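Peer 1: coords please:
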Amino acid sequence: MSTFIDWINVLQNHLEGEPLKPVCGGYLTRENKEYQHEWTVGTFDRHEGSFDTSVSLRAFGNTVEVRGNPGRLCRPDNLFNHSFEQTIDIINRRVLAPHGLPMYSAAPARWIEADKRSQLGASSRLYPGATVSMLHVTRNYATGGRKEGMEFMNYLGTQSLSNVKRSRAGATTINWGKKGGRKMVKAYLKADEMKAHVKSKLWTSEHERVYQFCNDVGLVRLEIELGRKLLEENGLRGLGEITMGKLIKLFDEKVEGPLLHPQQYEDGYPLDRLSRKVRLAFVAWEKGVDLLGDNFCSRATLYRYATEVREVLGVSIMEKRDFRTLPARYKVIKPVALEVPDWYAMAA
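Peer 2: Below you'll find the predicted structure:
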């Protein structure tokens, strides 16, 4: 499978029956100024596996919550991972079952009686089954080699996504959006990410094989972090609503389409589609003018111009043009979504 889950936040409120046996790392208690107890809440515990892997688990009252990358448990790396359905199965078998906790289950959204709604917050559309508040959907691409991977990253550094700001963290990582937002898209060279995150004392021959493979194929990873609001808007909040097919479709729409298949213009940009003032701003940007820093226009005007350019041409003019990235735009690099190689271990 070329598309997989790399992180999940999921919880279920078991409103029927007695409170569950607590599984917590500790407890936080609040008292008022008269030292009267107001509330107590459990904190997350670490459910650990081999290879320094873990997920966060909390069972307190009637709620069971898991956060992390369950498919990574007891595996030396996460070059590839599992589908959404497989991820839920791994949570049920390898995280909840050993603690004697009820399995995550799906149920359609419905209205909850007033006395029980107060336990879950103000929202009236509630899910008796498990709900997901964060998902990282990921896909690996082969570009042909490390050099091609770097050039492809330079190309991605010129691409924009609607309603989110692009930023670059070093030469091998690009972000669109920010943590905690509706969505965040990331692109990075997987080989470099491995070197940065795997502790040297844990580096094995298997890590070296995966690292060399990533360099040989120029592996670039694209990942979208779907927050609660975006999941809700796309009907992907409840466990019974989410399928891997829907997540792949959303990934293609939000990530692969805009970044890998932008509109191309063989004979130059059709400037006649832009209004006169916006056309002048775009021509100045193409020549290297910093529209904001060189006082070409105000920030409010630049936002208005940038919106039109992005909608008409699919180009961002919010930042000064970086001519160092231009060669990647003209060299033909065709990234290919990678399937799991035969030699790679995907034991669940």
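
Peer 1: Going by C-alpha atoms from here, please, whenever you check contacts or count neighbours.
Peer 2: OK.

Peer 1: Relative to Gly227, how far out is Glu16?
Peer 2: 28 Å (CA to CA, to the nearest Å).

Peer 1: quick one: which of the two has more around it?
Peer 2: A count of neighbours by other CA atoms under 10 Å puts Gly227 above the other of Glu16 and Gly227, at 21 against 8.

Peer 1: Would you confirm that that one contacts Gly177?
Peer 2: No: contact between Gly227 and Gly177 fails when scored by CA atoms under 8 Å: they sit 11.6 Å apart.

Peer 1: anything in contact with each of those two?
Peer 2: Lys183 (CA atoms under 8 Å, 6 or more residues apart in numbering).

Peer 1: ranges for the strands of the stretch 201-348 of the chain?
Peer 2: Remark: strands assigned in the stretch 201-348 of the chain by DSSP state E, counting those that start in this stretch are 220-227, 336-337.

Peer 1: Output those strands in TSV; the columns should cover distance to Thr63 and mean pLDDT.
Peer 2: Below are the strands of the stretch 201-348 of the chain laid out as TSV (distance: least, CA to CA, whole Å; pLDDT from 0 to 100):
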stretch	distance to Thr63	mean pLDDT
strand 220-227	20	96
strand 336-337	38	92
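
Peer 1: Now do Glu151, the pLDDT please.
Peer 2: What the model reports for Glu151 is a pLDDT of 89.

Peer 1: For it, pull up the helix or strand it's in.
Peer 2: Assigned by DSSP states H and E, Glu151 falls within helix 146-156.

Peer 1: for Tyr141, same thing?
Peer 2: Assigned by DSSP H and E, Tyr141 falls in strand 131-142.

Peer 1: So what angle separates the directions of that strand and strand 220-227?
Peer 2: 170 degrees (axes from the mean of the first three to the mean of the last three CA atoms, to 10 degrees).

Peer 1: Need the winner for burial among the strands of the stretch 201-348 of the chain.
Peer 2: strand 220-227 (a mean of 24; mean count of other CA atoms under 10 Å).

Peer 1: Which residue, other than its chain neighbours, is closest to Val164?
Peer 2: Spatial nearest neighbour of Val164, chain neighbours left out: Gly177 (4.7 Å); criterion: CA to CA, 6 or more residues apart in numbering.

Peer 1: swap in Ala187?
Peer 2: Using CA to CA, 6+ apart, the closest residue to Ala187 is Leu222 (4.6 Å).
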